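Peer 1: Turn this into a structure:
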Amino acid sequence: MKHILLAMFLSVTLIGCSNDSTPEKQSAADISAGKIVAERECKGCHGLDGKGAAPGIPNLAGQRGRYTMAALKEYKDGVRVHAALRAIAANMSDDDTRTVAAFYASLAPVPPAKVAAFSPFENGKAVAEACTSCHGANGNSQSAGTPSLAGQQPVYFVAATQEYMTNARDSAPMIPMLRKLSKLDIESAALYFASQTPAQRSAPATGDAVAGEPLTAVCGGCHGSHGVSTDSATPSLAGQDPQYLAHSIKAYRTTRKHALMSRLVASLSDQDVANIAAFYSVQKSKPAENGEALLKATTDKCNRCHSGGLDNPALAIPIINAQDKDYLVLALRAYRDDRRGNSMMHNMSLPYSDSIIEGIASYYASQPVK
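Peer 2: Okay, the predicted model is just below:
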């Protein structure tokens, strides 16, 4: 979720054809020929009206022909993995590809679906209501031994919940509640809590913060300066409950499995642990994310290309407004998980959780083609 940059949502591919041979330049005869190809190869899934026949099947009506051509080439070359489409594309001639792309490009775009907007932040806020009785308002714990969640790194938050549910950590009272939550709910809660401002703590009754500071020198390499992590998968320690911190450090001696942490804490005395916990507990922390602004910031970046900002005949940039939501979800997950061959899109999509992908997809599915 950190440093999210998404300039292009689907494939942006250079295609080796002149402006005169792009599908947008084709004649009525070529469009008619493309309709014949669509009747033979495509209508079962995409219809002759260009509307996907089921969730997860993209709409092709009004799509830029050069993008459809590029996509078919990726299926033919094995860059995309859909078995049926790979077989269909492999049997299509270059003329078939060009004319069928021209046919679908000539159709009126499909109207946007009535898709419920999904905000990971707002969903997380609703989920988090059940956490406040233990973890405090906005995730700022007031109970000794209970961790604060405010400002915590989101990927770490998700990983921690999985460790509780798989018994990699000691049993905890919230495990039954966690088991009822979907993956989207847990990721949404992670984003919500990551966006909250951690409260400043006063010095704890146990431990010496001054004595603890030099002991944390080795910790800063992972957990950041003064315990404020800059890595979404590594927890922030600043402002954390000191009793919880001490318990967690000691757990690496026994039950928690982490080779590096186990080596680092092996030589610490109980007093060292108390001093380290005291030091981190009084450090000033900050939110790890700005969840309220995240979805708009992300779609603003997408729009620079996908709303015509780079409508260059040499680039295969797809129209994504009014696209099938489930298809958009599947496409972005495929890029993120390196299952669709485009290294640029993989790198851009890598930070995205499923909850953010859901938010982006629901937004574009509900937008009309301009």
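Peer 1: Dump the helix of greatest length in the chain to CSV, restricted to CA.
Peer 2: What stands out as the longest helix in the chain, according to DSSP state H, is helix 291-306. Extracted C-alpha coordinates of helix 291-306, given in CSV (Å, rounded to 0.1, in the frame of the first residue of the first chain):
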residue,chain,number,x,y,z
GLY,A,291,-6.5,6.0,3.6
GLU,A,292,-9.2,8.7,3.1
ALA,A,293,-7.3,10.2,0.1
LEU,A,294,-5.9,6.9,-1.3
LEU,A,295,-8.6,5.9,-3.8
LYS,A,296,-8.9,9.4,-5.3
ALA,A,297,-5.1,9.8,-5.5
THR,A,298,-4.8,6.5,-7.2
THR,A,299,-7.6,7.0,-9.8
ASP,A,300,-6.3,10.5,-10.5
LYS,A,301,-3.0,9.0,-11.6
CYS,A,302,-4.8,6.3,-13.7
ASN,A,303,-6.8,9.0,-15.4
ARG,A,304,-3.7,10.7,-16.7
CYS,A,305,-3.4,7.9,-19.3
HIS,A,306,-6.8,6.2,-19.3
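Peer 1: I'd like to know which elements it is packed against.
Peer 2: Applying 3 or more Cβ pairs under 8 Å, 6 or more residues apart in numbering; DSSP states H and E, one finds that helix 291-306 makes contact with helix 120-128, helix 183-194, helix 354-365. Every C-beta, even on glycine, is put in place using the N, C-alpha and C of the backbone.
Peer 1: Looks like Arg80 contacts Leu72 (just checking).
Peer 2: No - counting by Cβ atoms under 8 Å, Arg80 stays clear of Leu72, with 9.4 Å between them.
Peer 1: domain ranges for the chain?
Peer 2: The chain breaks down by automatic domain parsing into domains covering 13-115+302-365, 120-281.
Peer 1: With distance to Glu289, mean neighbour count and mean pLDDT added, can I get those in TSV?
Peer 2: Converted to TSV, the domains of the chain look like this (distance: least, Cβ to Cβ, whole Å; neighbours: other Cβ atoms under 10 Å; pLDDT from 0 to 100):
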stretch	distance to Glu289	mean neighbour count	mean pLDDT
domain 13-115+302-365	10	18	87
domain 120-281	4	18	95
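Peer 1: can you tell which of the ones you listed is closest to Ala293?
Peer 2: domain 120-281 (8.7 Å; Cβ to Cβ).
Peer 1: measure that closest one end to end?
Peer 2: End-to-end distance for domain 120-281, by Cα to Cα, to the nearest Å: 29 Å.
Peer 1: about what we covered before: let me have the helices and strands packed on helix 291-306 in TSV, adding distance to Ser232 as columns.
Peer 2: Converted to TSV, the helices and strands packed on helix 291-306 look like this (distance: least, Cβ to Cβ, whole Å):
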stretch	distance to Ser232
helix 120-128	14
helix 183-194	8
helix 354-365	12
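Peer 1: what about the ones you listed, which gets the closest to Ser27?
Peer 2: When those are ranked by proximity to Ser27 (Cβ to Cβ), helix 354-365 comes first, at 31.8 Å.
Peer 1: could you give the angle of that closest one to helix 120-128?
Peer 2: Helix 354-365 runs at 130 degrees relative to helix 120-128, counting by axes from the mean of the first three to the mean of the last three Cα atoms, to 10 degrees.
Peer 1: picking that back up, tell me what angle the longest helix of the chain forms with helix 120-128.
Peer 2: Going by the same axes, to 10 degrees, helix 291-306 makes 150 degrees with helix 120-128.
Peer 1: Helix 291-306 versus helix 183-194: what angle between them?
Peer 2: 110 degrees.
Peer 1: Against Thr161, how distant is Ala190?
Peer 2: Distance of Ala190 to Thr161, given as Cβ to Cβ, to the nearest Å: 8 Å.
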